[in-house]
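[1] Got a predicted structure plus its sequence, pasted below:
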Amino acid sequence: MSSSSARVDLDGNPINPLTICMIGAGGFIGSHLCEKLMTETQHTVLAVDVYNDKIKHLLEPDSLPWAGRIQFHRLNIKNDSRLEGLIKCSDLTVNLAAICTPADYNTRPLDTIYSNFIDALPVVKYCSENNKRLIHFSTCEVYGKTIGSFLPQDSPLRQDPAYYLLTEDTSPCIFGSIEKQRWSYACAKQLIERLIYAEGAENGLEFTIVRPFNWIGPRMDFIPGIDGPSEGVPRVLACFSNNLLRREPLKLVDGGESQRTFVYIKDAIEAVHLMIENPARANGHIFNVGNPNNEVTVRQLAEMMTKVYSKVSGEDSIETPTIDVSSKEFYGEGYDDSDKRIPDMTIINKQLGWDPKTSLWDLLESTLTYQHRTYAEAVKQSIAKPLAN
Ligand SMILES: NC(=O)c1ccc[n+]([C@@H]2O[C@H](COP(=O)([O-])OP(=O)(O)OC[C@H]3O[C@@H](n4cnc5c(N)ncnc54)[C@H](O)[C@@H]3O)[C@@H](O)[C@H]2O)c1
Ligand SMILES: O=c1ccn([C@@H]2O[C@H](COP(=O)(O)OP(=O)(O)O[C@H]3OC[C@@H](O)[C@H](O)[C@H]3O)[C@@H](O)[C@H]2O)c(=O)[nH]1
């Protein structure tokens, strides 16, 4: 659908075309957000990233209906003076750039802290100094562990939502000790949130902070040895997809007992779209964006992915579909985990009327269909190659 000038916001006001500086546009979330903005709006995107593989289909050929509304700028925001100019000539900046894979948090803690805090500082400063609106991507991980996880195992209070529901304005943020470097990411994200909030309070920065709760879907991370390093460890969707494609057991870290709520990327992108086009309702807010109805343990996720993959690939599952590994073996020293993450949806529902729609089974079915179509042949060839040599 192409938009017309008749599009209106949630309060009935016409939506004017915006120029959006999107930093990290070449990543998983960025690629879906660019796609949405190109196909359903008249906004222009200045797409900033060091990579563009995931948005190549939007950049060429020149005959695409949105040609001229998306420009790719290959730059590293760590050290590029062009950044301020791009922010200055935009109405809005969306900052997605970050190191955000848990395998990096305890093995590259310095890069993680620099990427999530230091590198975001100039973005906040340029937005504040030039009176530009900022939508900054934080994380659900700022909540850390739940209060409930510190109660005795048999305490009935563990069942009380007050002890596990994560609410933007009231929940505490509970991290592990300093040598649990897993929390360096969460801590850096929390400090940049606090800085953005302070820029709003002292200097009038118009901001929105997004806390994503495990958004998943096509183009998430990479398949090791196919479109990423063989030894790389992506997030769980890609790890399990890789295992399924290679017909290997899925590895359950520390028994797969941690719980997550997964939201379909396309539902989540709807929420960001609403934030972009409804500044009066989104400015000054922190929003959880997740799907509380899609809660599973990691073990249940593995079991469901195994079933769904069998259905979409037509292959029977292997005899031992999962194996247990310790977190030390899988991630190395200094790993720790969030126990449970249920987003409170009250604020985003009240401000933007947003609710997630897609069930976990349905989102896995469309995602694993994509994974199978995109990677199965390449994985088969990469497995066959060493034998042929
Ligand atoms: N996907 C999720 O479920 C999730 C959950 C919580 C938080 N987040 C946050 O959302 C944001 C986007 O996440 P994603 O899943 O799309 O990750 P991603 O890794 O796919 O995308 C991040 C993009 O930023 C780019 N980037 C990083 N550093 C850069 C730099 N210095 N200069 C230019 N580009 C740089 C990377 O090349 C990458 O394309 C991150 O801030 C992340 O912390 C995502
Ligand atoms: O092969 C695997 C991979 C992962 N896991 C487990 O699966 C769970 C989810 O792991 P993910 O790699 O998807 O990442 P997490 O949910 O822990 O954090 C992520 O989500 C929030 C974002 O801020 C970050 O992008 C990232 O930190 C963890 O408990 C992890 O230990 C496995 O059991 N096996």
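    Received it, and whenever you're ready, just let me know what you need. Ligands and ions are numbered 1, 2, ... in the order given.

[2] And the contacts of the helix or strand containing residue 202?
    Using DSSP states H and E, residue 202 falls within helix 183-203. Contacts with helix 183-203, where a contact means Cβ atoms under 8 Å, 6 or more residues apart in numbering, come from 98-100, 102, 105-106, 109, 112-113, 115-117, 120-121, 124, 127-128, 134, 136, 138-139, 141-142, 144, 173, 175-176, 205-207, 209, 284, 286, 336. C-betas here are computed from N, CA, C, even on glycine.

[3] who in the stretch 51-200 of the chain is up against ligand 1?
    Contact residues (Cβ under 6 Å from any ligand atom) of the stretch 51-200 of the chain with ligand 1: 51, 76-78, 96-98, 100, 115, 119, 137, 139-140.

[4] Of those, which pair is most distant in space?
    76 and 140 (26.6 Å; Cβ to Cβ).

[5] between those two, which one's more packed in?
    residue 140 (24 against 12; other Cβ atoms under 10 Å).

[6] Show me the residue of this protein that gets nearest to ligand 1, please.
    residue 27 (2.0 Å; Cβ to the nearest ligand atom).

[7] if you look at the contacts of helix 183-203, which of them are in strands?
    Applying DSSP state E to those, the entries found in strands are 134, 136, 207, 209, 286.

[8] Give the rounded mean pLDDT of the helix holding residue 202.
    Helix 183-203 carries an average pLDDT of 98.

[9] Just the angle for that helix relative to strand 133-137, thanks.
    Between helix 183-203 and strand 133-137, the angle comes out at 160 degrees (axes from the mean of the first three to the mean of the last three Cα atoms, to 10 degrees).

[10] Only the buried residues of helix 183-203, if you could.
    The neighbour-count check on helix 183-203 (16 or more other Cβ atoms under 10 Å) flags 183-190, 192-193, 195-196, 199-200 as buried.

[11] Just grab the bridge partners of the residue sitting nearest the centre point of the chain for me.
    For the chain, residue 215 is the residue whose C-alpha lies nearest the centre (Cα atoms, centre = their mean; 5.1 Å). On the basis of DSSP bridges, residue 215 is bridged to residue 263.

[12] just checking, it touches residue 261?
    No. The pair residue 215 / residue 261 is not scored as a contact, 10.5 Å apart, by Cβ atoms under 8 Å.

[13] Spell out which residues of this protein are next to ligand 2.
    Going by Cβ under 6 Å from any ligand atom, the residues of the chain near ligand 2 are 100, 102, 139-141, 214, 235-236, 239, 251-253, 256, 258, 260, 298, 337.

[14] is it true that residue 265 touches residue 212?
    No. If you go by Cβ under 8 Å, residue 265 and residue 212 don't touch, sitting 9.7 Å apart.

[15] Next, show the common contact partners of those two.
    Common contacts of residue 265 and residue 212 (Cβ under 8 Å, 6+ apart): residue 29.

[16] picking that back up, buried subset of the residues of the chain next to ligand 2?
    Neighbour counting with 16+ other Cβ under 10 Å marks 100, 102, 139-141, 214, 235-236, 239, 251-253, 256, 258, 260, 298, 337 as buried within the residues of the chain next to ligand 2.

[17] quick one: contacts for residue 47?
    Contacts of residue 47 by Cβ under 8 Å, 6+ apart are 22, 25-26, 30, 34, 55, 70-73.

[18] got it, and residue 312?
    365, 368-369, 372.

[19] which of the residues you listed lies closest to residue 150?
    Using Cβ to Cβ, the contacts of residue 312 come closest to residue 150 at residue 368, 36.1 Å.

[20] quick one: contacts for the closest one?
    When contacts are counted by Cβ under 8 Å, 6+ apart, residue 368 is found next to 241, 244, 305, 308-309, 312-313.

[21] likewise residue 251?
    Taking Cβ under 8 Å, 6+ apart as the contact definition, residue 251 lies against 239, 243, 322-325, 330.

[22] so how far is the helix or strand containing residue 303 from its chain's centroid?
    Assigned by DSSP H and E, residue 303 belongs to helix 298-313. Taking Cα atoms, centre = their mean, to the nearest Å, the mean C-alpha location of helix 298-313 is offset from the chain mean by 21 Å.

[23] how about it: buried residues?
    298-299, 301-306, 308-310, 312-313.

[24] CA-only coordinates of that helix, as PDB, when you get a sec.
    The C-alpha trace of helix 298-313 is given here as PDB (Å, rounded to 0.1, in the frame of the first residue of the first chain):
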ATOM      1  CA  VAL A 298      13.900 -21.700  26.600                       C
ATOM      2  CA  ARG A 299      13.300 -25.500  26.700                       C
ATOM      3  CA  GLN A 300       9.700 -25.000  25.600                       C
ATOM      4  CA  LEU A 301      10.900 -22.700  22.800                       C
ATOM      5  CA  ALA A 302      13.300 -25.400  21.700                       C
ATOM      6  CA  GLU A 303      10.500 -28.000  21.600                       C
ATOM      7  CA  MET A 304       8.200 -25.700  19.700                       C
ATOM      8  CA  MET A 305      10.800 -24.700  17.200                       C
ATOM      9  CA  THR A 306      11.600 -28.400  16.600                       C
ATOM     10  CA  LYS A 307       8.000 -29.200  15.900                       C
ATOM     11  CA  VAL A 308       7.400 -26.200  13.700                       C
ATOM     12  CA  TYR A 309      10.600 -26.800  11.700                       C
ATOM     13  CA  SER A 310       9.600 -30.400  11.100                       C
ATOM     14  CA  LYS A 311       6.300 -29.100   9.700                       C
ATOM     15  CA  VAL A 312       7.800 -26.400   7.400                       C
ATOM     16  CA  SER A 313      10.800 -28.500   6.200                       C
END
